[in-house]
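*Asks:* Sequence and predicted structure are below.
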Amino acid sequence: EVQLVESGGGLVQAGGSLRLSCKFSGFTLDDYAIAWFRQTPGMEREGVSCLSIPDGGSTYYLDSVRGRFTISSDNAKNTVYLQMNSLKPEDTAVYYCNYNDGRRNYWGQGTQVTVSS
């Protein structure tokens, strides 16, 4: 059974940093990509970053976070991270871990990130 559990959110001042964690089970990263999305009230969920081990570890970043956020994985811990630096108030959102195995889309419960100005 696929499970995704996010943690690491919180309240931080603008310019600060947070590291989100996504503890996963029921799959490995060898077959499909894993991603981080975020959502604010009234807005659609948007893709923030993606890591694809099958594609040689290629990564994707939303333009507005490129250079500030870094996605990485620790296979020994079955965990994917999103290091977020130089945070801005517009980064405030619920952040979700996402995995799609080609048949079904899986989501974690989300973790709230709030950046104060």
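*Replies:* Perfect, I can see it now. Residues are numbered from 1 along each chain as shown.

*Asks:* Please name the nearest non-neighbouring residue to residue 116.
*Replies:* residue 13 (5.4 Å; C-beta to C-beta, 6 or more residues apart in numbering). The way it works is simple: take the backbone N, C-alpha and C, and place the C-beta from them, glycine included.

*Asks:* Was I right to think that neighbour contacts residue 91?
*Replies:* No. With contact defined as C-beta atoms under 8 Å, residue 13 does not reach residue 91; the gap is 11.9 Å.

*Asks:* Please identify which of those two sits among more neighbours.
*Replies:* Counted by other C-beta atoms under 10 Å, residue 13 and residue 91 do not tie: residue 91 has more neighbours, with 22 against 10.

*Asks:* For residue 34, see how far away the residue nearest to residue 116 is.
*Replies:* 29 Å (C-beta to C-beta, to the nearest Å).

*Asks:* Same question for residue 93.
*Replies:* Taken as C-beta to C-beta, the span from residue 93 to residue 34 is 18 Å.

*Asks:* same for the host helix or strand of residue 49, what does it pack against?
*Replies:* Using DSSP states H and E, the element containing residue 49 is strand 46-52. Counting contacts by 3 or more C-beta pairs under 8 Å, 6 or more residues apart in numbering; DSSP states H and E, strand 46-52 is packed against strand 34-39, strand 58-61, strand 69-74, strand 79-84.

*Asks:* Output stretch 12-23 as CSV, restricted to C-alpha atoms.
*Replies:* Only the C-alpha atoms of stretch 12-23 are listed here, as CSV (Å, rounded to 0.1, in the frame of the first residue of the first chain):
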residue,chain,number,x,y,z
VAL,A,12,8.9,31.2,9.4
GLN,A,13,9.8,34.8,8.7
ALA,A,14,10.5,36.0,5.2
GLY,A,15,14.1,35.1,4.2
GLY,A,16,14.1,32.0,6.5
SER,A,17,14.4,28.3,5.6
LEU,A,18,12.4,25.2,6.2
ARG,A,19,13.0,21.6,5.1
LEU,A,20,10.0,19.5,4.3
SER,A,21,10.1,15.7,4.5
CYS,A,22,8.0,13.1,2.7
LYS,A,23,8.3,9.7,4.2
